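A.B. asks: Turn this into a structure:
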Amino acid sequence: MNENLSITDEIKKVGQRVKEVRKSKGYSQEQLAKLCGYKGKSMISRIEQGDRNFSITKLQAIANVLNIDIDYLLSGDDMEIIVEISALEKKRNHLIDLIKVMNEEELDRLIKFLEIYH
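C.D. replies: Coordinates of the predicted model:
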């Protein structure tokens, strides 16, 4: 952490980084919250605004979903982040989101379909 910045400033910077990466990956706050296992978007919103102290565990969950290293969120060290996501990756992310909310019967039908057409 930069010695000239307060803890509050550092928390806000972490929040800004979360927001930047979330948007670059095409997720809404609601989608990110759901993928992290939160009931609603308020946790993500508060972290992004710097209004919330957060545990490393929560931040790691966010980093995992965003597929980035937690070190970037914490320090902002120059780490290559691909802001432009390919159309293919966006489609894959969307498919994963849809799969996560399917019931067993829907998953079975999807598996059969993929086995036939793959």
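A.B. asks: I'd assumed Leu35 was in contact with Lys100.
C.D. replies: Yes: at 7.4 Å, Lys100 counts as touching Leu35 under the criterion of CB atoms under 8 Å. Using the backbone N, CA and C atoms, a C-beta is placed for each residue, glycine as well.
A.B. asks: Mind checking which of the two has more residues around it?
C.D. replies: Leu35 (18 against 9; other CB atoms under 10 Å).
A.B. asks: Quick check: next helix or strand after the lowest-mean-pLDDT helix or strand in the chain?
C.D. replies: Every helix and strand in the chain was compared by mean pLDDT, DSSP states H and E; the lowest is helix 87-100, with a mean of 83. In the C-terminal direction, the helix or strand that comes right after helix 87-100 (DSSP states H and E) is helix 104-117.
A.B. asks: Report the backbone C-alpha coordinates of that next one in CSV.
C.D. replies: Extracted in CSV, the C-alpha atoms of helix 104-117 (Å, rounded to 0.1, in the frame of the first residue of the first chain):
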residue,chain,number,x,y,z
GLU,A,104,-31.3,-31.6,-13.2
GLU,A,105,-33.7,-32.4,-16.0
GLU,A,106,-32.6,-29.4,-18.1
LEU,A,107,-28.9,-30.3,-17.5
ASP,A,108,-29.6,-33.9,-18.7
ARG,A,109,-31.3,-32.6,-21.9
LEU,A,110,-28.4,-30.2,-22.5
ILE,A,111,-25.8,-33.0,-22.1
LYS,A,112,-27.7,-35.2,-24.5
PHE,A,113,-27.9,-32.4,-27.0
LEU,A,114,-24.2,-31.6,-26.8
GLU,A,115,-23.3,-35.3,-27.1
ILE,A,116,-25.3,-35.6,-30.3
TYR,A,117,-24.1,-32.4,-31.9
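A.B. asks: Please report the distance of the spatially most central residue of the chain from Lys23.
C.D. replies: Centroid-nearest residue in the chain, with CA atoms, centre = their mean: Leu66, separated by 3.6 Å. Computed as CB to CB, to the nearest Å, the Leu66 to Lys23 distance reads 10 Å.
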